[in-house]
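**Q** Just need the structure, nothing else, for what follows:
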Amino acid sequence: MISTKMQDAINDQIQAELYSAYLYLAMSTYCESQNLRGFAHWLKLQHGEETEHAEKLMDYLLERGGKVVLKAIDAPPAEFGSPLDIFAQVLAHEQHVTERIHKLYELALAEKDYAAQIFLQWFITEQVEEEATAGAILERLRMIPEKSGALLYIDKELGKRE
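**A** Alright, predicted model coming up:
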């Protein structure tokens, strides 16, 4: 059985993961409207990953005898600026999510919830990957002048994400 404190914290994380999905979907549609279909594709897949993260947390709560409480999700922005601006926001957002996951892990330690500690290690590893990927794309974007042919090349490359 999971503690009420841990259950509440995981429900908060579910809300955060669903907001992340919503944010990336908004970014995707914005990129699509800017004729940056590769960026849109990459962000739409990211939306799916974040939804899967929320579902993974829900499944865990249910397996532990907890209760899933879905909370309201704030509307994301509608405008995001250039691809450089977008990926600066993506990296900052992923860093924020990492902080949240670390706090969840600290709570699991304090609660001596060994199952949660093991479960959350997957999210910790995932966040390392998320930050590294967003950071690498951001660095590539920083290397090029805005609206150059290189931007179209990166757009094409991001469109290949599976």
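
**Q** From now on I want contacts and neighbour counts done on CA atoms only, so please keep to that.
**A** OK.

**Q** Next one: residue 79 relative to residue 12, how far apart?
**A** The gap separating residue 79 from residue 12 is 26 Å, by C-alpha to C-alpha, to the nearest Å.

**Q** looking at it, residue 120 is touching residue 101, isn't it?
**A** Yes: Residue 120 is in contact with residue 101 according to C-alpha atoms under 8 Å; the separation is 7.5 Å.

**Q** Can you give the distance of stretch 153-162 from its chain's centre?
**A** 19 Å (C-alpha atoms, centre = their mean, to the nearest Å).

**Q** what stretches of the protein score poorly on pLDDT?
**A** 146-147 (pLDDT under 70).

**Q** Tell me where it has helices.
**A** Listed in chain order, the helices of the chain (DSSP state H) span 4-33, 37-63, 83-110, 114-142, 149-158.

**Q** what sits in contact with each of residue 120 and residue 101?
**A** Listed as contacting both residue 120 and residue 101 by C-alpha atoms under 8 Å, 6 or more residues apart in numbering is no residue at all.

**Q** Please consider this matter closed, and thank you.
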